[in-house]
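# Let's see this in three dimensions:
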Amino acid sequence: MKLEYDKEVDAAYIYLKFPIKDREVKKTKQVHENINLDFDANGKLIGVEILNATKILNKEDFQVDKQMV
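Modelled structure (predicted):
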């Protein structure tokens, strides 16, 4: 799992699969006004986009390219 944060737009992306290849996301489902889920062709969740991230996540989560195990 990998977390990326873009402070210019206050958005975070959690990669459940890394890397996600071009055109691998086949469906995006909005589950909250600030949260989008990305799915592959098999319906498997591969990524989570979080908008207005500083209002949703903890500050300690915002290290760019933080690798999680």
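
# what stretches of this protein score poorly on pLDDT?
Residue ranges of the chain with pLDDT under 70: 61-69.

# can we see that at 90?
Under the criterion pLDDT under 90, the flagged ranges of the chain are 1, 3, 56-69.

# where along it do the strands fall?
2-6, 11-15, 27-32, 35-39, 45-51, 66-67 (DSSP state E).

# closest one to residue 60 among these?
Closest to residue 60 of the strands of the chain, according to C-beta to C-beta: strand 66-67, at 9.5 Å. Where you see a C-beta, it was placed from the backbone N, CA and C, and this is true even at glycine.

# ok, the closest residue in space to residue 9 that isn't next to it in sequence to residue 10 distance?
Spatial nearest neighbour of residue 9, excluding adjacent residues (C-beta to C-beta, 6 or more residues apart in numbering): residue 51 at 8.0 Å. Separation of residue 51 from residue 10 (C-beta to C-beta, to the nearest Å): 7 Å.

# what sits against residue 33?
Listed by C-beta atoms under 8 Å, 6 or more residues apart in numbering, the contact partners of residue 33 are residue 51.

# any chance of the strands of the chain in CSV, plus distance to residue 59 and mean neighbour count?
Formatted as CSV, the strands of the chain follow (distance: least, C-beta to C-beta, whole Å; neighbours: other C-beta atoms under 10 Å):
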stretch, distance to residue 59, mean neighbour count
strand 2-6, 10, 16
strand 11-15, 12, 19
strand 27-32, 20, 10
strand 35-39, 18, 18
strand 45-51, 14, 17
strand 66-67, 12, 12
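
# and the ones you listed as CSV, adding distance to residue 58?
Below are those laid out as CSV (distance: least, C-beta to C-beta, whole Å):
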stretch, distance to residue 58
strand 2-6, 11
strand 11-15, 11
strand 27-32, 17
strand 35-39, 16
strand 45-51, 12
strand 66-67, 12
